[in-house]
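In: Okay, structure incoming, though there's no sequence with it:
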């Protein structure tokens, strides 16, 4: 199974979307060698706003939706 993994981080920090400082973050990341590696962390307000849809929170994913990367195909 692959794809983004959500996890509640019980540590203070700043939201990657709005910049607000909170005591608990919701992070999206990947699991490598049984260890969670967060890519982005969001406050509960931003997470609730987007209902966990990472592609609407992640600036890189939004940019790729607006201008998709070119894929070369054999002719």
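Out: The structure has been received and is ready for your questions. This is a predicted model, so every value here is computed, not measured.
In: worst-scoring helix or strand of the chain, pLDDT-wise?
Out: helix 54-57 (a mean of 59; mean pLDDT, DSSP states H and E).
In: How is residue 46 assigned, secondary-structure-wise?
Out: Following DSSP: H, G, I helix; E, B strand; the rest coil, we place residue 46 in the helix state.
In: pretty sure it is touching residue 19, no?
Out: No. Applying C-beta atoms under 8 Å, one finds residue 46 not in contact with residue 19, separated by 10.0 Å. All C-beta spots, glycine's among them, are computed from the backbone N, C-alpha and C.
In: Neighbour count for these two, which is higher?
Out: Counted by other C-beta atoms under 10 Å, residue 46 and residue 19 do not tie: residue 46 has more neighbours, with 20 against 9.
In: mind checking the SS state of the nearest residue to the more buried one once chain neighbours are set aside?
Out: In space, and not counting its chain neighbours, residue 46 is closest to residue 17: 4.2 Å by C-beta to C-beta, 6 or more residues apart in numbering. When classified by three-state DSSP, residue 17 comes out as coil.
In: going forward can the numbers begin at 888, since that is how I track them
Out: Noted, 888 is the first residue going forward, which turns the last one into residue 904.
In: Just give the number of residues close to residue 904.
Out: 19.
In: For it, give its distance to residue 918.
Out: The gap separating residue 904 from residue 918 is 22 Å, by C-beta to C-beta, to the nearest Å.
In: and the residue nearest to residue 930 when sequence neighbours are not counted, what does it touch?
Out: Excluding the flanking residues, the one nearest residue 930 by C-beta to C-beta, 6+ apart is residue 902, at 3.9 Å. Applying C-beta atoms under 8 Å, 6 or more residues apart in numbering to residue 902 gives the contacts 909, 912, 928-930, 932-933.
In: which stretches of this structure have low pLDDT?
Out: 888-890, 938-962 (pLDDT under 70).
In: quick one: the strands in it?
Out: 892-896, 900-901, 908-909, 912-919, 922-929 (DSSP state E).
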